[in-house]
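Q: Got a sequence here, can you build the structure:
(chains A and B)
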Amino acid sequence: MNGKKLSFYLLLMPLLLTLALLILLPQLDMLGISLRERVSYGVYEFSLLHYQAFFTEPLYWNTFVRTAVMSILATALTLLISFPVAWYIAKIAQGKNKNLMFLACLIPFWVSELVRTYGWMILLRESGVISGFLQWAGLADAPVEMLYNDITVMTGLVYTSMLFMVVPLVSTLEGMDDSLVEAAYDLGGNHFTVLRTVIVPYAVPGIVSGCIVVFMLTLGNYLTPTLLGGKDSLWFTEQIFTQFITRFNWEQGAAFGVLLLCLSSLIVWLGLKLSKQSFKQAMTSDA
Amino acid sequence: MLKTMKGLLALSVSAAAMISASAQAEELRLLTWAGYAPQEVIDQFEQETGITVKVTKSNNEDMISKLRATRGAGYDLVQPSQDRVTGAQKEYRIYKPMDLSQLNAEQFIPSMLAATKTNTTINGDVYSVPHIWGTSGLIAGVSESKNAYSFNDLCSDDYKGKVSYRLKRPTLIGFAFAMGEDPFAAYTDEKKYAEILGKVEQKLIDCKDNVKAYWSGGDALINLLRSGEVTLAMGWDAGGWKLHKETGNINFVPPESGALGWIDTFALPAKGKNDEAAYKWINFVMQPEIAAKITEAAGNFTASAGAEEFVNDELSNSYKISYNQSSLDNIKWYPPVPAGLEIIEGKTLDRIKAAQ
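A: As a prediction, the model looks like this:
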């Protein structure tokens, strides 16, 4: 082996070690734990029981479907809200304004997710700011409870993931030649046709990569649904947490973890197929 | 190049030496409940013994999970409730037996020490000694028109949308008692126990509309009650007394079917590194004056003999408002939980959570 090759492998080592020790190994261990069943005190044997439980107990299955549907919805909403924002930052705002707007999207992420979520709770709770304001303005005659429902959870999720949609969209849209849009208008297109036939197709890689990131973050979110959703929150990650920490049922929790990984990958794969994008293209678009 | 390498090497060696030197200063890593190790007591302990105390706040499930993940390493002293010691020990072997000769037995209230020893003995080895005891019951805005409360009130229309409890095992047990069952007697009979839980599950699903939110930490509950968003809750006595001191009209009430009594203990993790410091800490906090300070911080009474004399009047009065002799006698003390029950309870709790 010559020196060049050796240095190549040496340089590769940190990456390989990180992947193997921090990602591959724990996942394999999870898989191992999920495939065993507790027989008696400290005695375990191989079993598919916990995967079976997921498919036979409607509770777990429903929770997963609910989480997936709400995550897809949250992703779509985030896209709808972020697109105009990204368009403005990329194409309309100039110089200093542009940086300011970008900063405005970034600033909420300077505090932790927990603090941001508590911020929403202070605003929305029955004795909170908005409820107080509505009563003061005479729009409500009793305290209004705005926490602990699905709409609140959705608001929190969209708020949390905005940045991860805006960034890839801005970088894709910035690369677009303005003359394309001008040409489309010159050829008689109205706002809608220009958006549909020129802008969106150009931005698809950005949209897809933004959607994948937001979907995965939302699906794996724990704090926001739990804190804002209250008694009906029901999020799949919460199920995993409960199995591990309060039920001491690592086997069931590990099975859920493996299933979450597989099912979410499947959803992303389906999304890529439907939008006719390749994963590689989507992930490198904003580089 | 070589010179800088040497310099770096020297630097890292001296850094390592510094780290090991600082590790030599004695340290006690304590995994406990909020309020059980007030700063004042820690400072005094450090002054007297030179041992630094590092406190991590936790709860029963979290303690077991943390120790299970490390097979009993990472802490030198933990404080699980006595009913959760033997099950966890048999299952995960996370504790080591206590050497009772290291403790001043006369500092403990004899009946409590004996009860905890019996409840946490496996094969003749004692795994924990009692520290703080208290009860769970109801916290309510007390009015003159109503003088008896039951866990069933949590399902009453009078409190629609104004109720909070934990979605954990004490709630299931409390409701089972309120419905006239005896879940503790059914601990050894899984089938009977599952049957009782089935009834409780139905009841809790039927009146889920009553619930404002499930609380998960004592502070969250106190906030809900203080703001008036919740008017009836299942909670710990200390939280109720704290609110009574603040508001004057919210207080802890033992329910008719009996409050649920727990004792939090001291146990040694299997791979704890400083048992000596752990025993020192136990002996230190069980002194009546120190125990009284902890009572004032945590709001609950300790198993330390003679500590009550040092507790301020306010706290002992709130305790007397809530309890008379008959409600004290009616406290249902948790017996050790056999392993396996928690799986049944878990499924029940999951179904209640998921019910729409």
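
Q: going forward, measure contacts and count neighbours with C-alpha atoms only.
A: Fine.

Q: could you show me where the helices are in the stretch 251-356 of chain B, in order?
A: Secondary structure of the stretch 251-356 of chain B by DSSP state H, counting those that start in this stretch: the helices cover B:275-285, B:288-298, B:313-322, B:325-329, B:341-354.

Q: Indicate which one of those is closest to residue A:211.
A: helix B:341-354 (28.2 Å; C-alpha to C-alpha).

Q: Give me the mean pLDDT for that closest one.
A: Mean pLDDT, computed over helix B:341-354, is 87.

Q: Give me the contacts around that helix.
A: The contact list for helix B:341-354 (C-alpha atoms under 8 Å, 6 or more residues apart in numbering or on different chains) reads A:59, A:63, A:231-232, A:234, A:247, A:249, B:167-169, B:187, B:190, B:194, B:197-198, B:201, B:204-205.

Q: Near chain B, which residues of chain A? Just list them.
A: Residues of chain A that fall close to chain B, judged by C-alpha under 8 Å from any C-alpha of the partner chain: A:41-42, A:59, A:63, A:126-127, A:148, A:230-232, A:234, A:244-249.

Q: and with 6 Å instead?
A: In this structure, chain A approaches chain B at residues A:41-42, A:230-231, A:245-246, judged by C-alpha under 6 Å from any C-alpha of the partner chain.

Q: Please compute how far stretch B:331-339 lies from its chain's middle.
A: Put simply, stretch B:331-339 sits 13 Å off its chain's centre (C-alpha atoms, centre = their mean, to the nearest Å).

Q: start to end distance for it?
A: 24 Å (C-alpha to C-alpha, to the nearest Å).

Q: got the buried residues for stretch B:225-232?
A: Buried residues in stretch B:225-232, counted by 16 or more other C-alpha atoms under 10 Å in any protein chain shown: B:225, B:229-232.

Q: Mind putting the residues you listed into a markdown table with pLDDT, distance to residue A:100 and secondary structure?
A: Formatted as a markdown table, those follow (pLDDT from 0 to 100; distance: C-alpha to C-alpha, whole Å; DSSP: H, G, I helix; E, B strand; the rest coil):
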| residue | pLDDT | distance to residue A:100 | secondary structure |
| --- | --- | --- | --- |
| B:225 | 92 | 42 | helix |
| B:229 | 87 | 40 | coil |
| B:230 | 91 | 43 | coil |
| B:231 | 91 | 46 | coil |
| B:232 | 93 | 48 | strand |
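
Q: Any regions of the chain where pLDDT drops low?
A: All of this refers to chain A. Low-confidence segments of chain A (pLDDT under 70): A:1, A:281-287.

Q: nope, chain B please
A: Those would be B:1-25, B:144-145, if you go by pLDDT under 70 across chain B.

Q: can you tell me which residues contact the one residue in it that gets nearest to chain A?
A: Of the residues in chain B, the one nearest chain A is residue B:91, at a distance of 4.7 Å by C-alpha to the nearest C-alpha. Applying C-alpha atoms under 6 Å, 6 or more residues apart in numbering or on different chains to residue B:91 gives the contacts A:41-42.

Q: now it: how far from residue B:266?
A: 19 Å.

Q: do the same with residue B:69
A: For residue B:69, the distance to residue B:266 - C-alpha to C-alpha - is 20 Å.

Q: Next: residue A:268.
A: For residue A:268, the distance to residue B:266 - C-alpha to C-alpha - is 49 Å.

Q: Between the two, which is the more surrounded one?
A: residue B:266 (25 against 18; other C-alpha atoms under 10 Å in any protein chain shown).

Q: In this structure that one contacts residue B:79, no?
A: Yes - the criterion here is C-alpha atoms under 6 Å, and residue B:266 meets it with residue B:79 at 4.7 Å.

Q: For residue A:128, give me its contacts.
A: residue A:122.

Q: tally of neighbours for the residue nearest to residue A:108 when sequence neighbours are not counted?
A: Spatially, and ignoring its direct neighbours in sequence, residue A:108 is nearest to residue A:116 (7.5 Å; C-alpha to C-alpha, 6 or more residues apart in numbering or on different chains). Burial of residue A:116 is recorded as 18 neighbouring residues (other C-alpha under 10 Å).

Q: picking that back up, ranking the residues of chain A next to chain B by neighbours, who comes first?
A: residue A:231 (24 neighbours).

Q: Was I right to think it contacts residue B:213?
A: Yes - Residue A:231 lies in contact with residue B:213 (C-alpha under 6 Å); the separation is 5.2 Å.

Q: quick one, domains of the chain?
A: The chain I'm using is chain A. A:1-34, A:49-284 (automatic domain parsing).

Q: that's the wrong chain, I meant chain B
A: Split by automatic domain parsing, chain B gives B:25-133+B:262-324, B:135-261+B:332-354.

Q: Adding distance to chain A as columns, could you present the buried residues of stretch B:225-232 in TSV?
A: TSV is the format used below for those (distance: C-alpha to the nearest C-alpha, whole Å):
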residue	distance to chain A
B:225	11
B:229	7
B:230	10
B:231	13
B:232	16
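
Q: Let's have those residues in a markdown table, adding distance to residue A:208.
A: Below are these laid out as a markdown table (distance: C-alpha to C-alpha, whole Å):
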| residue | distance to residue A:208 |
| --- | --- |
| B:225 | 46 |
| B:229 | 43 |
| B:230 | 44 |
| B:231 | 48 |
| B:232 | 49 |
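
Q: and the two most separated of these?
A: B:229 and B:232 (9.6 Å).
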